[in-house]
Structures are given as C-alpha cells and as structure tokens.
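S.K.: I would like to see how this sequence folds:
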Amino acid sequence: MADQAGRYEKRMATAVAVMLTSRERAFTTELTLTQNISEGGARVLTKKLWWPSDSVVIKSLEGDLQSEARVVYRQPVRENVYAIGLELLGPRGNWRGVMPTSGPSSCRPRPTRRAFSS
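M.R.: Predicted coordinates:
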C-alpha cells in the first residue's frame, strides 16, 4: 500500500472563506471559498487563472491558518469558475477557530453555540 501514489490524509467537505495571494504576480489576490480541506491541502473555487506550479499564500478568514502553497491542478467547474488543488507547504494554525494545530483537529470546524428554545 505504501508504494501506491495518492493521498493519505482525510479530507473534509466544507466551505471556508480564504484569501489567496500570488507569490509571483504583484497585486494578484482573491477572496474565495474552499470545497474541501485537509491538514495538507485544500480544493478551492476560483475565478482567477491560477496555473499548476504557481506559488501562493493562503490565509483562512475564519481561523488563523496561513501557509505557502503550490497549485497542483486546475479543473473547470463552470463558465469562468475553476477548482484548484493546493498543497500546503508548512501550514500554521487552523482553518476555523484558533485552537492549537495538532493532528486532525486542525481541520475540524469550530463548534457553534446554539440558543436554547423555551
């Protein structure tokens, strides 16, 4: 099994607001959403033309996660919308909340408080 190529980390289908900034093109920034996340990567919806091997910085707008990342793929979703796969290179923080990063908990959404109904 270890010889097979592929992912070994669990993904979670969830929308997290993020900011992408190009490391190579000045003034190229985009606010967008993830489709799924893991500790080592994300699938992100985008309207900009990011190319495989582009270097970006991703920041969660719902938590404290920040990381340099590499675009692994780009797939068309619909007209003028693409999904890009990002490999996180040295992520720090959490997608949501500000809990310490350790193990799979960094991918879990922060619990929400619910009001009790009477």
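S.K.: contacting residues around Val72?
M.R.: The contact partners of Val72, by C-beta atoms under 8 Å, 6 or more residues apart in numbering, come to 41, 52, 84-87. For glycine as for every other residue, the C-beta is placed from the backbone atoms N, C-alpha and C.
S.K.: For PyMOL, what selects the buried ones among the residues you listed?
M.R.: Selecting only the buried entries of the contacts of Val72 in PyMOL, with 16 or more other C-beta atoms under 10 Å as the criterion:
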select buried, resi 41+84+85+86
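S.K.: any idea which of the contacts of Val72 is closest to Glu30?
M.R.: Ile84 (10.4 Å; C-beta to C-beta).
S.K.: Check the spacing between that closest one and Gly97 real quick.
M.R.: Taken as C-beta to C-beta, to the nearest Å, the spacing of Ile84 relative to Gly97 amounts to 25 Å.
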